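Colleague: this is a predicted model, with the sequence first.
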Amino acid sequence: MTVTVITVGTLKEKYLKDAVAEYKKRLAQYAKVEEVELKEERIQNEDDRSEIDRALEAEGAKILSAIPDGAYRIALCVEGSMLSSEELADRVRLATDRSGKLALVIGSSHGLSPKVKAACELKLSFSRLTFPHQLIRVNLFEALYRSFTIIGGKKYHK
């Protein structure tokens, strides 16, 4: 199984980098984990919707080109479905059975382009609350580890 996590922007804080590294280490017993960090597009005027849309389109093109062929694709976005840990594990199992490839996408602080969302089989939301994208990356890696422990019949998820 190969898990590719595609993110727009980089982790800056050491404690967040350490947390992601810990979960990637744990995940290594279940899957090959690849992390693709894409550069966030520059926006001069945060109040200009057309400039934001242009940036999302540019980021979207980079994201779509980074998704491995045949991967089961999940976009993290606010309007996505909220799943239980067991339900997410079922989606991970589906990806394993289907192609052995899973790709998860976290956009920039402005979200994801409509094209990226449309290209994904699942739109996933972790909460109706708003969280920094860097923190959601940690949550995603923990949720992936939890999914694999559920699939493997381990007790971690309880």
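Modeller: Here it is on my side, so go on.
Colleague: phi, psi of Thr4?
Modeller: Phi and psi for Thr4, reported as degrees, to the nearest 10, are phi -110, psi 120.
Colleague: tell me the contacts of it?
Modeller: Val33, Glu34, Glu35, Val36, Ala66, Ile67, Pro68, Ala71, Lys101, Leu102, Ala103, Leu104 (C-beta atoms under 8 Å, 6 or more residues apart in numbering). C-betas here are computed from N, CA, C, even on glycine.
Colleague: ok, now Leu104?
Modeller: Val3, Thr4, Val5, Ile6, Arg73, Ile74, Ala75, Leu76, Leu124, Leu140, Leu144.
Colleague: mind doing that once more with 10 Å?
Modeller: 3-7, 67, 71-76, 92, 95, 120, 122, 124, 137, 140-141, 143-144 (C-beta atoms under 10 Å, 6 or more residues apart in numbering).
Colleague: coming back round to it: buried ones among the contacts of Thr4?
Modeller: Val33, Val36, Ala66, Ile67, Pro68, Ala71, Lys101, Leu102, Ala103, Leu104 (16 or more other C-beta atoms under 10 Å).
Colleague: distance between the ends of stretch 93-107?
Modeller: Its first and final residues considered, stretch 93-107 spans 24 Å by C-alpha to C-alpha, to the nearest Å.
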